[in-house]
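Visitor: Build the 3D model from these lines:
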Amino acid sequence: QNMEHLSDAYQIFASAVEQARQRLMTEEQGRVSLSISDLLQLSPLRTWLFELLRPYGFSASVVNNLEVHLQGQSGKRFFSPTHQLLKDRDSLIITPLSNAVAEEAEPTLRIEEVPLSEALAEKSTLGLSHIVVDADRLTLPLHLRHWREGDRFYPFGMEHSQLMSDYFSDHKFSCIAKEQVWLLEDADSRIVWLVGHRADNRFRLTPSTSQLLKITLCS
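Guide: Model (predicted):
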């Protein structure tokens, strides 16, 4: 009878965990997200954490360590044999190890000369899909790279420089999104474009611009 009661109790327990998993965890493109504020409403927290993370292979010792850092600084990573867990601001993000640090393929850019009349006829852009720059201000060739700590640029519309890390923080880039960002840089190591996000103000068109380049992010 005791064994039957324990088995029934476990079924109730497992059902409650599954309901919580369905309610609290969202999956998109292979990434599972879990709100930290929602987690903090659960008690006992350590047990809930262990049961919610069990399918991803996280051990009790890792869960104990995670609980200690749950309200700490963003960017902390935890690992199981198959998955990575990233503490990113107000969420926990779980990804398979095969995808955790995988870089997106280098973007394809189309660079072409355009007449001034065509550039002025276009709707102003900060650099989401393309940028139009003063060719005389660039030092060719251009090349792509990922961002590094200490990188600075002049966000379009601003006359002063900003640390790239501060720009990411102001615009709420996730840790994973920052790893996937590409920068277009000229031969003088000046950032021309935070690709797909923001152009650099130093290469904007001015009344004295005579030669233009249009740089387009190809989908």
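Visitor: And the helices in this structure?
Guide: Counting by DSSP state H, the segments of the chain that form helices are 2-24, 36-39, 45-53, 60-69, 97-100, 116-121, 164-170, 175-179.
Visitor: Buried deepest among those helices, which one?
Guide: helix 45-53 (a mean of 18; mean count of other CB atoms under 10 Å). Any C-beta I mention is one placed from the backbone N, CA and C, and that applies to glycine too.
Visitor: quick one: contacts of stretch 160-168?
Guide: 147, 149-155, 177-178, 181, 183, 191, 194, 198 (CB atoms under 8 Å, 6 or more residues apart in numbering).
Visitor: quick one: which two of those are the most distant?
Guide: The two members of the contacts of stretch 160-168 with the most space between them (CB to CB) are 154 and 177, at 21.2 Å.
Visitor: Tell me which of the contacts of stretch 160-168 fall in strands.
Guide: Judged by DSSP state E, these include 152-153, 183, 191, 194, 198 as members of strands.
Visitor: want to throw these into a markdown table with neighbour count and pLDDT?
Guide: Output for these, formatted as a markdown table (neighbours: other CB atoms under 10 Å; pLDDT from 0 to 100):
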| residue | neighbour count | pLDDT |
| --- | --- | --- |
| 152 | 14 | 96 |
| 153 | 24 | 96 |
| 183 | 20 | 95 |
| 191 | 22 | 96 |
| 194 | 25 | 96 |
| 198 | 23 | 94 |
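Visitor: Show me the shaky parts of the protein.
Guide: By pLDDT under 70, the low-scoring segments of the chain are 98-105, 118-126, 219.
Visitor: Spatially central residue in it, please.
Guide: residue 177 (1.4 Å; CA atoms, centre = their mean).
Visitor: Out of the helices of the chain, which gets nearest to residue 208?
Guide: Closest among the helices of the chain, using CB to CB: helix 116-121, at 11.3 Å.
Visitor: and of the ones in strands among the contacts of stretch 160-168, the nearest to residue 113?
Guide: residue 191 (21.6 Å).
Visitor: From what I see, the closest one and residue 182 are in contact.
Guide: No - using CB atoms under 8 Å, residue 191 makes no contact with residue 182, being 10.7 Å away.
Visitor: got a list of what residue 187 touches?
Guide: So residue 187 contacts 139-142 (CB under 8 Å, 6+ apart).
Visitor: Quick check: beta-bridge partners of the nearest residue to residue 209 once chain neighbours are set aside?
Guide: Nearest residue to residue 209, sequence neighbours excluded (CB to CB, 6 or more residues apart in numbering): residue 134, at 4.6 Å. Applying DSSP bridges to residue 134 gives these bridge partners: residue 212.
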